[in-house]
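*Asks:* This is a predicted model, with the sequence first.
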Amino acid sequence: MRLATPLLKPDATLKNFFHYKSRFADIINLVCFDGQPILSRNSLSNEDTDMSTVFDFDEHPISFNAYRDTLVKVSVGGIYALIAIENQKAIDYHIPVRTFVYDASSYKKQYQDYLDEKKWNKEAKLKLIPIITVVLYYGERKWSGPRTLLDMMELPEEMKGIMNDWNTHIIDVKELDASLLTDKDNRDLIEGLQMFYKWQGDLEFFKERKMSRDTAIVLASLVDKGEELLKIIRKEEKEEIDMCESIDNFRKKAVQEGMCLTILKQLNKKVGYLSSEVVTMIENSSREQLEKLAVEIVSIKDEHDIFVNKTKYKESLYNFVELCYFNKCSSVLSLLS
């Protein structure tokens, strides 16, 4: 499948989505704590996601610029920890190195804070806050990339078992049991993506769902029919979207626009020129009016016939006159009076 609409970037939509503490706590409770309510929104605080730092290697210092997607400080039984979410739409074959550097940067920042405190507080002691990084993978294919640093290495047998490793917690959202999620937006997002892949991109599965605009926008950024979904979302002003009604209306409108375009092409081909009044009148017509016009179009030879030879075409073009009436085209009606 193609990637999602370029108008929406998954990185941005997902960062915004999980910035809400209730959603963050809910998804972490599922993927880290088997659905147990260990975290609540009240136990979280958003942290600075800037992981930029400088690694000073003697004469060769190296600067490192990076930003996490979401980083939250949590309290569990009065003990603090840092939990980060990294969102992946595509398989990243370097992800163990990325998460290793992110976490190392976080620990280095804590160490630097300790050194700064030590300057004025000689009693200060280094006590690191543990860091957990969770990678949420939203792609259609099964994850085939490495999960640990060792997966990226070739080691001699003698070194296996003594080499330090770094495990990356990669969660494929297609494999989650969404029924264990307590936040409706989370559940709609995960179930929606799962069903989209199961139905091979058919939007019909949406017709049984109602979801928030936030969730629908995130889904639009992740799936290959995002542009069509985005058009549906744009037409809805409500915070909650009835996808059945919205998709039906969208598709009816698409059919109507297609009929309108076909009729205009046929008239242009027969007449050679259509005035702006006629074009506007047809574009603003209902589907029923367009269907009637499509039947009568064989009788039309030129625009002069429509507006002047009213006696000859009065009966066959009665529906065309109806269009003028419904769209209040007074200039046309005056010619047909």
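*Replies:* Yep, it's here.

*Asks:* List the buried residues of the strand or helix carrying Cys32.
*Replies:* Using DSSP states H and E, Cys32 falls within helix 21-33. Residues of helix 21-33 classed as buried: Lys21, Ser22, Arg23, Phe24, Ala25, Asp26, Ile27, Ile28, Asn29, Leu30, Val31, Cys32 (neighbour count, 16 or more other CB atoms under 10 Å). For the C-beta atoms, the positions are set from N, CA and C on the backbone; glycine is no exception.

*Asks:* now stretch 147-161
*Replies:* Arg147, Leu149, Leu150.

*Asks:* And the last one, how close does it get to Phe100?
*Replies:* Taking CB to CB, to the nearest Å as the measure, Leu150 and Phe100 are separated by 12 Å.

*Asks:* Sheet partners, orientation included, of the helix or strand that the helix holding Cys32 is followed by?
*Replies:* Elements were assigned by DSSP H and E; along the chain past helix 21-33, the next helix or strand is strand 44-46. Strand 44-46 sits in its sheet next to strand 70-76 (antiparallel), going by DSSP bridges.

*Asks:* so where do the strands sit in the protein?
*Replies:* Along the chain, counting by DSSP state E, strands occupy 44-46, 53-55, 62-64, 70-76, 79-88, 131-137, 169-172, 210-212, 240-242.

*Asks:* Please produce a markdown table containing those strands, extended by distance to Ile263 and mean pLDDT.
*Replies:* Formatted as a markdown table, these follow (distance: least, CB to CB, whole Å; pLDDT from 0 to 100):
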| stretch | distance to Ile263 | mean pLDDT |
| --- | --- | --- |
| strand 44-46 | 55 | 90 |
| strand 53-55 | 64 | 68 |
| strand 62-64 | 61 | 68 |
| strand 70-76 | 51 | 93 |
| strand 79-88 | 46 | 95 |
| strand 131-137 | 47 | 96 |
| strand 169-172 | 48 | 96 |
| strand 210-212 | 35 | 79 |
| strand 240-242 | 31 | 55 |
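
*Asks:* For the stretch 101-250 of the chain, just list every one of the helices.
*Replies:* For the stretch 101-250 of the chain, applying DSSP state H, counting those that start in this stretch gives helices covering 184-198, 213-222, 226-235, 243-271.

*Asks:* Just the buried positions in the second one, please.
*Replies:* Right, the one you point to is helix 213-222. Those would be Asp214, Thr215, Ala216, Ile217, Val218, Leu219, Ala220, Ser221, Leu222, for helix 213-222 by 16+ other CB under 10 Å.

*Asks:* Apart from its chain neighbours, what residue comes closest to the fifth one?
*Replies:* What that stands for is Val218. Thr13 (4.6 Å; CB to CB, 6 or more residues apart in numbering).

*Asks:* do the same with Glu140
*Replies:* Tyr197 (5.3 Å).

*Asks:* returning to what we had before: the residue nearest to Val218 is in contact with Ser221, isn't it?
*Replies:* Yes: judged on CB atoms under 8 Å, Thr13 makes contact with Ser221 at a distance of 4.2 Å.

*Asks:* what's around Leu261, how many residues?
*Replies:* Other residues near Leu261 come to 12 when the count uses other CB atoms under 10 Å.

*Asks:* whoops, I mixed them up, Val72
*Replies:* So Val72, with other CB under 10 Å, has 23 neighbours.

*Asks:* Name the nearest residue to it, sequence neighbours excluded.
*Replies:* Leu44 (5.0 Å).

*Asks:* for Lys125, same thing?
*Replies:* Nearest non-adjacent residue to Lys125, counting by CB to CB, 6+ apart: Tyr114, 8.0 Å away.

*Asks:* related to what we said a few turns ago, quick one: which two of the buried residues of helix 213-222 are the most distant?
*Replies:* Asp214 and Leu222 (13.1 Å; CB to CB).

*Asks:* How about the contacts made by the nearest residue to Tyr80 once chain neighbours are set aside?
*Replies:* In this structure, Tyr80 finds its nearest non-sequential neighbour in Ile129, 5.3 Å apart by CB to CB, 6+ apart. Neighbouring residues of Ile129 by CB atoms under 8 Å, 6 or more residues apart in numbering: Lys73, Tyr80, Ala81, Leu82, Gln110.

*Asks:* Thr215 now?
*Replies:* Phe17, Asp185, Asp188, Leu189, Gly192.

*Asks:* From Asp151, how far off is Glu157?
*Replies:* Taken as CB to CB, the span from Glu157 to Asp151 is 17 Å.

*Asks:* wait, Leu82
*Replies:* 24 Å.

*Asks:* one step back: compare the strands of the chain and give me the one nearest Asn268.
*Replies:* strand 240-242 (37.2 Å).

*Asks:* Looking at the buried residues of helix 21-33, which is nearest Tyr138?
*Replies:* So of these, ranked by how close each gets to Tyr138 (CB to CB), first place is Ile27, at 12.2 Å.

*Asks:* nearest residue to Met211 other than its sequence neighbours?
*Replies:* Once flanking residues are discounted, Met211 sits nearest to Asp188: 4.2 Å by CB to CB, 6+ apart.

*Asks:* can you pull the contacts of Phe33?
*Replies:* Leu39.
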